[in-house]
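Trainee: Provided below for reference: sequence and predicted model.
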Amino acid sequence: MSQIWLIVPAAGQGRRMGADKPKQYLTLADEQPVLAHTLARLHHAFPSARLVLCLDADDRWFSPHWVPFTDWQRVVGGSERMDSVLNALHAMTADDDDVVLVHDVARPCITVNDLLALYQAAATHSAGALLAMPVADTMKRADDQCQSAH
């Protein structure tokens, strides 16, 4: 039987947020950080998964007690999300038939049903799967060279 691996990039610095700490450590209403909520949701969907958590080498906010997984490892994240994922892939000991899911730490509101559907799609399509939602609103692209004629 194949193993489920979860890669969670969490090495971001959150500079765009303008907060005193990275966004994965900002707390929600229950005073738990976003990171704890995301990992709890992933654990609820895949309690026997192996977790590879990508954190900044100098991360001073992380606490291992937020990790509900029994089998997990910490790897050093990269300067970009893709670098963190690559570091995690290199650190893993996955078999060819294992399923690897990547989920950004700053997305704690994903549903268990969506996670299970993603797993089913990834497990049955050798090219992989991507979780996406249709956009109901109109999307427009702004061009920096356009000027308002007021």
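Mentor: Perfect, thanks for sending it.

Trainee: who's in contact with stretch 130-139?
Mentor: 110, 114-115, 117-118 (CB atoms under 8 Å, 6 or more residues apart in numbering). To be clear about C-beta, it is placed using only N, CA and C from the backbone, and glycine gets the same treatment.

Trainee: How far off centre is that stretch?
Mentor: 19 Å (CA atoms, centre = their mean, to the nearest Å).

Trainee: Can you give me the buried ones in it?
Mentor: Residues of stretch 130-139 classed as buried: none (neighbour count, 16 or more other CB atoms under 10 Å).

Trainee: same check, this time on stretch 95-106
Mentor: In stretch 95-106, counting by 16+ other CB under 10 Å, buried: 99-106.

Trainee: Return that stretch as CSV; C-alpha atoms alone will do.
Mentor: Only the C-alpha atoms of stretch 95-106 are listed here, as CSV (Å, rounded to 0.1, in the frame of the first residue of the first chain):
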residue,chain,number,x,y,z
ASP,A,95,8.7,4.9,-2.9
ASP,A,96,7.6,5.1,-6.5
ASP,A,97,3.9,4.3,-5.7
ASP,A,98,3.7,6.8,-2.8
VAL,A,99,1.5,9.9,-3.1
VAL,A,100,3.0,13.3,-2.3
LEU,A,101,0.7,16.3,-1.6
VAL,A,102,2.0,19.8,-1.2
HIS,A,103,0.0,22.3,0.8
ASP,A,104,1.0,25.9,1.7
VAL,A,105,1.0,26.5,5.4
ALA,A,106,-1.0,29.8,5.0
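
Trainee: How about residues contacting that stretch?
Mentor: Under CB under 8 Å, 6+ apart, the answer for stretch 95-106 is 2-10, 12, 23-24, 34-35, 38-39, 42, 46, 49, 81, 85, 89, 92, 94, 110, 115, 118-119, 122-123.

Trainee: Where do the helices of the chain begin and end?
Mentor: With DSSP state H as the criterion, the chain has helices at 34-45, 81-91, 112-124.
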